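> Attaching a predicted model along with its sequence, questions to come.
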Amino acid sequence: MRDFPEGFLFGSSTAAHQVEGGNFNNDWWAWEHAPYTTCVASSGDAIDQWHRYEEDFELLTSLGQNAHRMSLEWSRIEPAPGEFSAAALEHYRRVLGALEQHGLTPFVTLHHFTLPRWLAERGGWLAPDAVELFARYTERVAAALGDLMTFAATINEPQIVALMGYRQGLFPPGLRNPIQFARVTGRLIEAHAAAVQAVKSGKGDPQAGVCLQLPAFEPARPEDPGCVAACAELVHAMEDVYLEELAGDWVGVQYYTRQRVDPAFAEGFAPAPRGATLTQMGWEIHPEGLHRAIASAARAGSGLRDRERHRHGRRCAARRVHARPSRPGGARARRRRRRARLPLLVLVRQLRVGGGLSPHFRDDRDRSRGRIAARRAAQRAWLRGARAHGISQCFYGR
């Protein structure tokens with residue numbers, strides 16, 4: 001990590017439903033247990049982070065991380081319409097306090113894929129008052145927790161929420177309707193803007209933004225006008241509409257892979273080129289696309305401050321993570337290390353050339369409450385005055 005500037009924030013990212021366990025009151029729990037979906041197992045107890053967050057944060061600190069991105073579970077905070085759980089909010093206050101005590105700068109995601117069941121039963125993001133309900137929930141969270149949220153992400157990957165849930169049918173509610181996909185896209189953009197305002201109305205001075213997935217879209221057959229047009233249409237629907245006049249203080253770039261657009265295939269994408277190296281998820285490892293994603297967001301005038309790369313098949317906590325462990329010196333372990341370094345090399349390249357790097361946070365991991373408060377005040381003062389585009393955070397997550 002010696003190539004990263006001093007104060008660079010480097011951490012792990014999680015979603016509440018993936019790690020807390022027992023989130024049975026949301027749409028994903030219902031989806032996992034429905035016989036007609038592609039889910040093969042229930043999230044169940046997950047890694048029991050609802051009870052073991054202190055252990056997890058100690059593990060993160062021991063790995064040299066100085067930031068952590070987590071999400072709040074809406075269905076715990078508002079288990080019934082208009083009924084807010086003081087106990088759940090107090091629990092998350094303890095969690096955020098523990099992050100601070102471990103020297104981990106908090107990034108808090110307000111919506112990471114899951115909806116309360118009561119909202120899903122009313123149509124989810126297609127419900128007429130979905131935007132207002134999300135803003136109400138965000139306002140209540142900001143009033144209770146805003147002073148502990150250095151950064152607040154309104155929605156994780158809204159394009160994926162719309163695409164997978166309303167066009168491809170792989171996420172709840174399992175629809176395959178292009179018209180509904182377009183409607184939900186508009187709703188999510190409105191919901192983000194409303195949530196930014198709600199965050200600003202609460203305690204403290206959290207910096208609000210959104211986390212977008214920006215794949216490297218390419219026409220699989222660049223000589224075919226139809227293939228090129230299909231790629232341009234997808235880029236507009238998945239990127240341009242979100243980056244245009246984006247509300248908030250920052251945008252998170254989440255990059256996974258290259259996607260070769262080809263309408264000749266049933267799912268709209270051609271497979272990875274022959275011989276390409278794949279992840280455990282079967283996705284092509286294409287680190288060059290990370291530079292493109294960062295540059296795309298920066299050109300859009302988005303005030304790029306957050307960057308996340310997901311490594312699939314692993315969780316942020318060090319326990320119970322590898323289904324197929326490998327020997328430290330084995331060939332599989334060496335391949336994993338080489339693959340892991342590729343995106344970091346691209347990131348270093350972005351920092352050195354063309355990144356428009358902004359000033360960075362200093363994190364000395366001092367556990368003193370007074371020092372922590374002073375550090376948070378200094379961070380906020382810098383953020384209020386920052387105007388340049390750049391990267392100041394990096395997260396590994398799932």
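Here it is on my side, so go on. Residues are numbered from 1 along each chain as shown.

> Find the centremost residue of this structure, please.
Asn156 (4.6 Å; C-alpha atoms, centre = their mean).

> Excluding chain neighbours, what is closest to that one?
Spatial nearest neighbour of Asn156, excluding adjacent residues (C-beta to C-beta, 6 or more residues apart in numbering): His112 at 4.3 Å. Where you see a C-beta, it was placed from the backbone N, CA and C, and this is true even at glycine.

> Could you measure from Val196 over to Leu246?
Applying C-beta to C-beta, to the nearest Å, one obtains 9 Å for the distance of Val196 from Leu246.

> With Pro222 instead?
For Pro222, the distance to Leu246 equals 29 Å [C-beta to C-beta].

> Give me the more crowded residue out of those two.
Leu246 (21 against 10; other C-beta atoms under 10 Å).

> wait, isn't the more buried one in contact with Cys211?
No - the pair Leu246 and Cys211 does not pass the contact test of C-beta atoms under 8 Å, sitting 11.8 Å apart.

> Just the element for Arg93, please.
Assigned by DSSP states H and E, Arg93 belongs to helix 86-101.

> which element follows that helix toward the C-terminus?
Downstream of helix 86-101, the next assigned helix or strand under DSSP H and E is strand 105-111.

> so the residue nearest to the centre of the chain bridges to which residues?
Beta-bridge partners for Asn156, by DSSP bridges, are Cys211.

> In contact with it, which residues?
Each residue near Asn156 by C-beta atoms under 8 Å, 6 or more residues apart in numbering is listed here: Ala15, Ser71, Thr109, His111, His112, Phe113, Cys211, Gln254.

> try it again with 7 Å
Listed by C-beta atoms under 7 Å, 6 or more residues apart in numbering, the contact set of Asn156 reads Ser71, Thr109, His111, His112, Phe113, Cys211.

> what number of residues lie near the last one?
Applying the criterion other C-beta under 10 Å, we find 24 residues in the vicinity of Cys211.

> what separates it from Ala135, distance-wise?
18 Å.

> which stretches of the stretch 201-350 of the chain form helices?
225-235, 241-243, 288-299, 331-352 (DSSP state H, counting those that start in this stretch).

> hey, least reliable of the ones you listed by pLDDT?
When these are ranked by mean pLDDT, helix 331-352 comes last with a mean of 56.

> Among the contacts of Asn156, find the lowest-pLDDT one for me.
Where pLDDT dips furthest among those: Cys211, at 94.

> do you know how far that one is from His111?
Applying C-beta to C-beta, the value for Cys211 to His111 is 10 Å.

> do the same with Ile189
Distance, Ile189 to His111, by C-beta to C-beta: 13 Å.

> more neighbours, those two?
Neighbour totals were compared for Ile189 and His111, and His111 leads with 27 against 21 (other C-beta under 10 Å).

> beta partners for the more buried one?
Ile155.

> so it makes contact with Glu157?
No - counting by C-beta atoms under 7 Å, Glu157 is not a contact partner of His111; they are 9.9 Å apart.

> ok, Thr138 - how many residues close by?
Count around Thr138 with other C-beta under 10 Å applied: 27.

> To which secondary structure element type does it belong?
Classification of Thr138 using DSSP: H, G, I helix; E, B strand; the rest coil returns helix.
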